[in-house]
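K.L.:
Build the 3D model from these lines:
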Amino acid sequence: MTHANDRPLIGSLLDTDLYKLLMLQLIWRRYANTPVTFSLVNRTRAVRLAEEVDEAELRAELDHVRTLSFGPDEIAWLADTEIYGCRGLLGPDFLAWLPALRLPGYELGRRGGQLTLSFQGPWAAVTLWEIPALTIVSALRARGVVGAMSATERDHLYRCALGRLEAKAERLKALPGLVLTDFGTRRRHSLAWQHTCVEVMRERLGQSFRGTSNMLLAKALDLPAVGTNGHEIPMVLAALAADDEALKRAPYRALEDWAALYPEALRIVLPDAFGSAAFFRDAPDWVADWRGVRPDSAPPVAAGEALIDWWRAKGRDPAGKLLVFSDALDVELIVELHRRFHGRVALSFGWGTKLTNDLEGCAEAPGLKPISLVCKVTEAAGRPAVKLSDNPEKATGDPAEVDRYKRVFGAEGRLARRLSV
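P.N.:
Purely as a prediction, here's the structure:
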């Protein structure tokens, strides 16, 4: 097997997640020319990325991405594919613009053993850099390890990983009414290995496996494309806010923008950009009418129970709502959450890193351990962008602005938890 040796690592701009294209369309329609900066952040500080990733290789991969564009067959597929039961969610005017998109330049350096990588430009031009930046860095770490192995060692590595994958699928198959999707693009071991993971889950889980967030794999494997939305839009709208009152309203403005463009099936609230407790405390009543919630950084059991209580307090029946769990999932946590919430709410699992990058232990190689790597918007229109999160370990932003956001939104409900991925 040569899963860690895909060359180039990104061969198509369609090798991204559905939520990025959905957000791109909103950004293009409303905020296309807002200047932003995205930055790579390694939250696993003990791993010195600059010593594990070859800078010349990284530059070559990033430069290749800048040559890519959406091809006619990809645009035709995007125009025709059904997303959550709807065709035409990506409008013809947006799809007519998309082939002209080329990702802008980057700034790459090293500091304190870490890579410094950032992307600047108009928001509509920059936003798609997030996924390639993350997948390339993760895959280069893996390539360095696997490339140093003998053929026998590589064969053992992937046999071990495949056996582990099959065992996971067998365990999950026993869960009644399971709804599982692949959310594993961002920190995958490689595209080929993600492809293998998706195929194994589809074959073993049947109707319980509902699709992949990766648009390239959805097209290649004729699978549903799945996804929700990200922190990026509320973070930028918050950075653009003229005063504290506008800042406080920014998360709900982001939802209003989303609801104006997308149907109920795609109305999944991501509440934790500035703290879930503050979000639900101040949320307008109409937020409770959204299809569901993806609790992203709070302890998942407590978050699920709090949401059920909140829906009830708002006079909504939790049985008609959807909980999407996606943060740091492994088989044990999926089983625990399924047992806790199945039958009480509609339940879905978006399985990420522990699906597509779980090779640690199949070889004596620390570089196979996935890290908590993100590419976040760090500035908008010259103002610092902030994410508070429910877990302070995931917070990003200028310290003075972080303090301001804590004052505006409050600090309740934020609980530090050790980051895995």
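K.L.:
Just the buried residues of stretch 302-321, please?
P.N.:
303-304, 306-308, 310-311, 318, 321 (16 or more other Cβ atoms under 10 Å). Heads up, the C-betas are built off the backbone N, CA and C, glycines and all.
K.L.:
residue nearest the centroid of this protein?
P.N.:
Among the residues of the chain, the one closest to the centroid is R186, at 6.3 Å (Cα atoms, centre = their mean).
K.L.:
Please identify which helix or strand holds that one.
P.N.:
Assigned by DSSP states H and E, R186 belongs to no helix or strand.
K.L.:
how far away is it from R281?
P.N.:
Separation of R186 from R281 (Cβ to Cβ, to the nearest Å): 30 Å.
K.L.:
for A133, same thing?
P.N.:
34 Å.
K.L.:
same deal with P300?
P.N.:
For P300 relative to R281 (Cβ to Cβ), the value is 20 Å.
K.L.:
Same question for K20.
P.N.:
30 Å.
K.L.:
Which of those two has more residues huddled nearby?
P.N.:
When neighbours are counted by other Cβ atoms under 10 Å, K20 and R281 differ, and K20 comes out ahead with 24 against 13.
K.L.:
Give me the packing partners of the host helix or strand of the more buried one, helices and strands only.
P.N.:
For K20, the host element (DSSP H and E) is helix 18-30. In terms of contacts (3 or more Cβ pairs under 8 Å, 6 or more residues apart in numbering; DSSP states H and E), helix 18-30 is packed against helix 92-97, helix 123-126, helix 215-221, helix 232-240, helix 244-261.
K.L.:
what comes into contact with the fourth one?
P.N.:
Helix 232-240 is contacted by residues 23, 26-27, 31, 34, 36, 123, 127, 130, 247, 250-251, 253-254, 257-258, 273-274, 376-377, 379-381, 383-387, 405 when judged by Cβ atoms under 8 Å, 6 or more residues apart in numbering.
K.L.:
repeat that with 7 Å
P.N.:
Residues from elsewhere that reach helix 232-240, judged by Cβ atoms under 7 Å, 6 or more residues apart in numbering: 23, 26, 34, 36, 123, 127, 247, 250-251, 253-254, 257, 273, 377, 380-381, 383-387.
K.L.:
Buried ones in stretch 22-32, by neighbour count?
P.N.:
For stretch 22-32, burial by neighbour count (16+ other Cβ under 10 Å) applies to 22-28, 31.
K.L.:
Sorry, wrong one. I was asking about stretch 353-365.
P.N.:
Per 16+ other Cβ under 10 Å, stretch 353-365 contains these buried residues: 353-359, 362-363, 365.
K.L.:
of all those residues, which comes closest to P224?
P.N.:
L355 (16.5 Å; Cβ to Cβ).
K.L.:
Would you check that the closest one makes contact with G184?
P.N.:
Yes: L355 is within contact range of G184, at 4.7 Å (criterion: Cβ atoms under 7 Å).
K.L.:
So for the two, which residues contact both of them?
P.N.:
C197.
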